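Participant: sequence? don't have it. structure:
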């Protein structure tokens, strides 16, 4: 892994009509986001879901690639006619699209020459200058083009090959998180949280999320930061105003 950087961010681009139609439930966003933060110190700051439409893929890849350190795409790199992600990314960056020599060899060896049909050969087509993300599950590799890492859409396959993305990433600082669950309503603590957020706006992100538990309404206060020290400070301030307001605390994380 490359030298650690302070702040490294990413976007995830989910490509597939099956996700938008509701036929398939996406499981990749949570997995990739958690993996990036815990293992690489990379924070996902935007997620988009788009259809298998070439112009849409091209415009979104170009836009996100310019905004973030990395873009992870999922879906659309299989053997069927609607798998157009690889070709679209080649067009987005104006790179020749064709058979990647190493990818072709990997797939030909995996399937054998007799069973290496046109559909399977299609999975070896990508921007020809791409670097490969090796796939221990089904052989068909993902690929890296510029700062865009393209992965398949099947969650189990992504899970098996995600570690092979590390070599292409600059490591950032891990974002730590703490949660305090309060039996109160948001309006009762909104001003207190605003004061805390304003004071720590450069170091800590503070959020509040209502819940209903044990027959009572409550609020989960979640605060995140790359600095454990700042989290401790914010934790103390939240506990302090909760005590002053006589708010019951359900659980500390």
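Facilitator: Sure, I can see it. None of the values given here were measured: they were computed from a predicted structure.

Participant: where does pLDDT dip in the chain?
Facilitator: Low-confidence segments of the chain (pLDDT under 70): 1-5, 251-253.

Participant: now with 80?
Facilitator: The model of the chain has pLDDT under 80 over residues 1-6, 214, 251-253.

Participant: residue 164 and residue 131, how far apart?
Facilitator: As judged by CB to CB, to the nearest Å, residue 164 and residue 131 stand 11 Å apart. Heads up, the C-betas are built off the backbone N, CA and C, glycines and all.

Participant: one more: residue 139?
Facilitator: 17 Å.

Participant: just residue 83 next, same as before
Facilitator: 20 Å.

Participant: so those two - more neighbours on which side?
Facilitator: More crowded of residue 83 and residue 131, by other CB atoms under 10 Å: residue 83, with 21 against 15.

Participant: now the helices for the stretch 51-200 of the chain?
Facilitator: With DSSP state H, counting those that start in this stretch as the criterion, the stretch 51-200 of the chain has helices at 54-67, 85-92, 101-111, 118-122, 155-161, 186-199.

Participant: leaving out sequence neighbours, find the closest residue to the residue positioned nearest the centre of the chain.
Facilitator: With distances taken as CA atoms, centre = their mean, residue 33 lies nearest the centre of the chain, 3.7 Å away. Excluding the flanking residues, the one nearest residue 33 by CB to CB, 6 or more residues apart in numbering is residue 44, at 4.3 Å.

Participant: likewise residue 48?
Facilitator: Spatially, and ignoring its direct neighbours in sequence, residue 48 is nearest to residue 13 (5.3 Å; CB to CB, 6+ apart).

Participant: and for residue 185?
Facilitator: In space, residue 185 is closest to residue 217, 6.0 Å off (CB to CB, 6+ apart).

Participant: any idea how far the one you found lies from residue 239?
Facilitator: 20 Å.

Participant: ok, those two, which is more surrounded?
Facilitator: residue 239 (15 against 12).

Participant: need the contact list for the more buried one.
Facilitator: 180, 249 (CB atoms under 8 Å, 6 or more residues apart in numbering).

Participant: surely the residue nearest to the centre of the chain is in contact with residue 12?
Facilitator: Yes. Judged on CB atoms under 8 Å, residue 33 makes contact with residue 12 at a distance of 7.1 Å.

Participant: still on that earlier bit, ok, which of the helices of the stretch 51-200 of the chain comes nearest residue 223?
Facilitator: Minimum separation from residue 223 across the helices of the stretch 51-200 of the chain (CB to CB) falls at helix 186-199, 8.2 Å.

Participant: in the closest one, what counts as buried?
Facilitator: Neighbour-count burial for helix 186-199 flags 189, 192, 193, 196, 197 (criterion: 16 or more other CB atoms under 10 Å).

Participant: just give me the closest of the residues you listed to residue 135.
Facilitator: Nearest to residue 135 among the buried residues of helix 186-199, with distances taken as CB to CB, is residue 197, at 42.6 Å.

Participant: now that closest one. Nearest residue, chain neighbours left out?
Facilitator: residue 206 (4.5 Å).

Participant: who does the helix or strand that contains the one you found touch, helix- and strand-wise?
Facilitator: For residue 206, the enclosing helix or strand under DSSP states H and E is strand 205-213. With contacts taken as 3 or more CB pairs under 8 Å, 6 or more residues apart in numbering; DSSP states H and E, strand 205-213 sits against helix 186-199, strand 216-225.
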